[in-house]
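Visitor: dropping a prediction and its sequence here:
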Amino acid sequence: METEKKIFEGKESEILFSRTVKAGQRIYYIDVKQNRKGEMYLSITESKKMLGGTQDMPQVSFEKHKIFLFREDFGKFGAALQEALAFVEDEQGESPEREESSDAIKLDLEF
């Protein structure tokens, strides 16, 4: 994938790797970025389509939430995520798969 640069408030942030996960009304962006010191980190963004306005004048907006995950925390985060996923599967069984479009990406998270 080509390197992409984005500018935020005068700061340049380079995306080294990126994946998009489409999940119903939500889209997740998982980007590997690099800070000024050359350290890589994950930027995970959830974008959710919000409908508002009236029937005559509908308005579409996107609500976004971001987390930044630094390399020194990958192991702890990965372990906690795996535990949480296992708990949900134990309580409710495996989740039914959503119908996926041809450009959807499945994630196999291993840290």
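Guide: Yes, it's here. Model, not experiment: these values are computed from the prediction. Numbers count the residues shown, from 1 in each chain.
Visitor: which helix or strand contains Ile30?
Guide: Using DSSP states H and E, Ile30 sits in strand 26-34.
Visitor: what residues of that strand count as buried?
Guide: The neighbour-count check on strand 26-34 (16 or more other CB atoms under 10 Å) flags Ile27, Tyr28, Tyr29, Ile30, Asp31, Lys33 as buried. For the C-beta atoms, the positions are set from N, CA and C on the backbone; glycine is no exception.
Visitor: do stretch 40-53 as well
Guide: Applying 16+ other CB under 10 Å to stretch 40-53 flags Tyr41, Leu42, Ser43, Ser47 as buried.
Visitor: report the strands that pair with whichever helix or strand the first one is part of, each with its relative direction.
Guide: Spelled out, it's Tyr41. Assigned by DSSP H and E, Tyr41 belongs to strand 40-53. Applying DSSP bridges, strand 40-53 is found paired with strand 26-34 (antiparallel), strand 58-70 (antiparallel).
Visitor: rewinding a little: among the buried residues of strand 26-34, which two are most distant?
Guide: Ile27 and Lys33 (18.0 Å; CB to CB).
Visitor: if we can go back for a sec, of the buried residues of stretch 40-53, which is the nearest to Lys66?
Guide: Set against Lys66, the nearest of the buried residues of stretch 40-53 by CB to CB is Ser43 (6.4 Å).
Visitor: which strand residues bridge the residue lying closest to that closest one once chain neighbours are set aside?
Guide: Spatial nearest neighbour of Ser43, excluding adjacent residues (CB to CB, 6 or more residues apart in numbering): Asp31 at 4.5 Å. Beta-bridge pairing for Asp31 (DSSP bridges): Ser18, Ser43.
Visitor: state the distance from Asp31 to Lys76.
Guide: Separation of Asp31 from Lys76 (CB to CB, to the nearest Å) stands at 20 Å.
Visitor: do the same with Ile27
Guide: For Ile27, the distance to Lys76 - CB to CB - is 26 Å.
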